[in-house]
Each structure stands twice: as structure tokens, then as C-alpha cells.
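> Next come a sequence and a model predicted from it.
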Amino acid sequence: MPVLDTLCEALEKVRATAQAPQPPAFTLGHVILSLKYLDQAPHSRELLRERLGLGEGSVKTLIKHLKNEGLVNVSKSYGTIITPQGKEILQKIEQNIKIQQSEYFFDKEYVITVKDATPPTDLVEVYLLRDYFVEEGCRSVVIGGCLNGKPIFPGIQDEYTNSIRKYACPGEQAMRSLTFFCPEECFISCLSAIPRLILKHHCR
């Protein structure tokens, strides 16, 4: 199965977790982060609430949805525990979406790179993708990536794109990727916007 198909399969599961008759008070970003945290160790509801920055009711609903999708189990002794299926979904995401920290465009930022996804080649495409971030509450994001082994960031001068090659085109075999530079305060918003745009524009 191609890399992107594997990622799409995992993100569909994440989207199903975040869907409800009424919008829950958590996002796709919170679902992904909760799986990352739970993969490190079981969490009590209170600890998960603190790490995600959510209210108690929102975390309770999030855990319920994760459990309904078979991604976690809940134990009175240990708290919320990730299941083998949850680990598999997280592994597919982490194999295809790389998250790093840097201080290139913003004082504190996250660089999120999606493997095997075509980056925008002009500003029109950039603005189209930027709408997803605005909808999630983040207005500051730098969008570009790697195409045919070269960094491409429409609207950014070449002297800057060359210096961020290591993020956009990691490794000698990197030929195509989609890369986002998000300020720290927009991190969860970015983690919510990126699955949505991947599912819309890059999945069958």
C-alpha cells in the first residue's frame, strides 16, 4: 500500500473519532495528541486534561469517542490505556507525518512535514490550503514543501527556502513532501487543519 494511502486510512479513523451529532469541544489535533501521550504511558483523565488544555467534560467525551473506536481502554487502576489498534493508527501517522521544533519563521514553532504529498506551486494554492488553518483558528502559517528534491515555498525568497531544505526535503531520497511552519500557539490548530486538507486533497 502506498505511503499516502496508509496515512489516509489512519486519518479516516482519527476523523471518525472526532465526529459527533453535535460538534465535540475537541479537535482532530487533540485526538492525535492524545494518542501520542497515551502511547508514552497510561494517563488519568486529569493528566490528559492538563496536557491537552481541555475542560473535564471535553476530555471525558474524547476518551469515550476513542474507546468507541477501539483506540483506548479505560481501567480504574491505570486510567486510559492505548490499545494495539490505537498504536497501529498512531504508528501510521508518525511514519508519514514528521513533527519537529525550530525557530525559523517564528520565535517558537513546529515544523510539520507530510511525506509523499504534493506541495503548492503558486500562491493561489497556498491560500487555498491556508483557509483550513484559518478555520481552525490559526492565521499564521508558512506553507510549502519539497518537489523533485527541491524546497518550494511560493511567496518566500529562494535564499530562505534553501536554508530550510532540511525540513522540507529531509534525507537524500526525499522527492515530494508538504511542509508547514506553525507558531507554537497554533500547534493544535495545525494538527487539526492538516488531516482535514490531506483527506480532502490527497486521499482517494
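The structure has been received and is ready for your questions.
> Verify the stated contact: Gly70 with Glu88.
No. When contacts are counted by CB atoms under 8 Å, Gly70 is not listed as touching Glu88 (10.3 Å). No exception for glycine: its C-beta is placed from N, CA and C like everyone else's.
> Break the protein down into its structural domains.
3-90, 103-201 (automatic domain parsing).
> would a markdown table of those domains with mean pLDDT and distance to Asn96 be doable?
Output for the domains of the chain, formatted as a markdown table (pLDDT from 0 to 100; distance: least, CB to CB, whole Å):
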| stretch | mean pLDDT | distance to Asn96 |
| --- | --- | --- |
| domain 3-90 | 89 | 4 |
| domain 103-201 | 90 | 5 |
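> if you go through this structure in chain order, where are the strands?
Using DSSP state E, the strands of the chain run over 72-75, 79-82, 97-102, 109-115, 142-147, 150-152, 176-183.
> how about a markdown table for these, with mean neighbour count added?
Below are these laid out as a markdown table (neighbours: other CB atoms under 10 Å):
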| stretch | mean neighbour count |
| --- | --- |
| strand 72-75 | 16 |
| strand 79-82 | 20 |
| strand 97-102 | 15 |
| strand 109-115 | 21 |
| strand 142-147 | 23 |
| strand 150-152 | 20 |
| strand 176-183 | 24 |
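> With that, I have no additional questions.
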